[in-house]
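Visitor: here is the input, now give the coordinates:
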Amino acid sequence: MIVRLLPLVFLLAGLAAPAAADAAPRRVFIAGDSTAAEYGPERAPRNGWGQQLQGFLDPAYFEVRNHAIGGRSSRSFIEEGRLEPIAKALRKGDILLVQFGHNDAKYEDPSRYNEPAQAYPQWLMRYVAAAREQGATPILLTPVSRRVWDFGSLLDTHARYTQAVRELAGREQVALIDLNASSTDWLRALGDAASTAYFEHVPERGVRDDTHFSAAGATMVACLVVRDWKAVDPALAPHVVRDTDCGAPSSARADQTAQNNPSSVVHERDFARQQPGPHGGPGTTTAYPLFADAPGLPFVMRKRVLHPGAGIGLHQHHKDEIYYVVAGRGRYVLDGRQYEVAPGNAMLTRAGSTHAIEQVGEEDLVLLLAYPASPR
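Guide: Next up is the predicted model:
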């Protein structure tokens, strides 16, 4: 992820300057292509990230006006007269988000194509100038990544256009959200198969679109936009109403086999061990010491099933331990006091306390346990 941090004097000129309590919401205008555009239910599951943006912003403070439309490049959007009404509506304090590039790269279509070195940044500069003339703040976005995998690698289909936006932002002191970088890192961390659900894939209709998003994908991209917008302008944060801890750093990769302590997915049946009641308890239990052999894990988590008549005998603890009741009923004794426990109850026993538990009724008592691992 790359976010351009601009000089303090620029930031104080303000992306999210405080508004008076009775002031109208500030407007966030979006000029862009189909990846940001609005779609009705008849186009489901297609969504643009722009139509999910309002859900992240306090509507009392920000109003999103999405002018993005499919098939347009930075050039054709202007030549069709679509920037003009935005420029007339803009006022001091408004924000103009600008994201193009997908259609600018279509060499086969002279009505949309813009070569990246000069024409593309020149057209983008028209948006910057229009915003600044009205006292609004322009923010440039690099084009969002496509989902194009080749032999396990995610391809960069916007390289020269992404670089052109970065250079323009730096040269003209325009705030920059590097959406290409953040969305690329996110997709690489998801991997080929898992990333499919975030795009317009509808097998029953023969649709396999790796450019346009599903609602889930559009929401995630909107999250990336707001997350990085907050990095450009920390004053935005109080007006964000959803969590933006989203995406993945460039160091994240779907394949972790090269790590010393790889992640894994297992099934509990492979760990099942029949045991008598621990600590002198009666009856028969089944223990599931999940990830007991995982190297470097600082805690132990296990499942234990107390079959009818079984229990864990009274004993004193030398470390903290948590029990969570998944199913069944039981009687739990903690420091001489008895509790009736059932699904949803969680029990914390601190070091130095004593406890015991027994199964009650005809149903197995199913517990999840967690406690610090012993040094090896």
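Visitor: gap between the closest residue in space to Tyr323 that isn't next to it in sequence and Gly328?
Guide: Spatial nearest neighbour of Tyr323, excluding adjacent residues (Cβ to Cβ, 6 or more residues apart in numbering): Met347 at 4.4 Å. C-beta: built from backbone N, CA, C; applies to glycine. From Met347 across to Gly328, the span is 14 Å (Cβ to Cβ, to the nearest Å).
Visitor: chain center to the one helix or strand the residue nearest to Tyr323 maps to: distance?
Guide: Secondary-structure assignment from DSSP states H and E places Met347 in strand 346-349. Relative to its chain's centre, strand 346-349 lies at 32 Å (Cα atoms, centre = their mean, to the nearest Å).
Visitor: continuing past it, what's the next helix or strand?
Guide: With DSSP H and E, the next secondary element past strand 346-349 is strand 354-360.
Visitor: just checking: what are the partner strands of that next one?
Guide: Sheet pairing of strand 354-360 (DSSP bridges) gives strand 311-316 (antiparallel), strand 329-334 (antiparallel).
Visitor: and the ones you listed: which comes nearest Ala216?
Guide: strand 329-334 (38.7 Å; Cβ to Cβ).
Visitor: Provide the strand pairings for the very next helix or strand once past that closest one, with the direction of each partner.
Guide: Remark: after strand 329-334, the chain's next helix or strand is strand 337-341, criterion DSSP H and E. Next to strand 337-341 in the sheet, as set by DSSP bridges, lie strand 329-334 (antiparallel).
Visitor: other residues contacting the partner strand?
Guide: 306, 314, 323, 338-342, 345, 347, 349, 353-361, 363, 365 (Cβ atoms under 8 Å, 6 or more residues apart in numbering).
Visitor: buried sites along stretch 284-303?
Guide: 285-290, 300-303 (16 or more other Cβ atoms under 10 Å).
Visitor: who's in contact with the strand holding Met347?
Guide: Residues contacting strand 346-349 (Cβ under 8 Å, 6+ apart): 317, 320-325, 332, 334, 339, 341, 355.
Visitor: for stretch 86-97, same thing?
Guide: Here stretch 86-97 has contacts from 14-15, 17, 19, 26-32, 65, 67, 127, 130-131, 133-139, 141, 177, 225, using Cβ under 8 Å, 6+ apart.
Visitor: change it to 7 Å
Guide: 15, 17, 26-31, 67, 127, 130-131, 134-139, 141 (Cβ atoms under 7 Å, 6 or more residues apart in numbering).
Visitor: same check, this time on stretch 234-247
Guide: 15-16, 55-58, 61-62, 182, 185-186, 220, 223-224, 226-227, 229-230.
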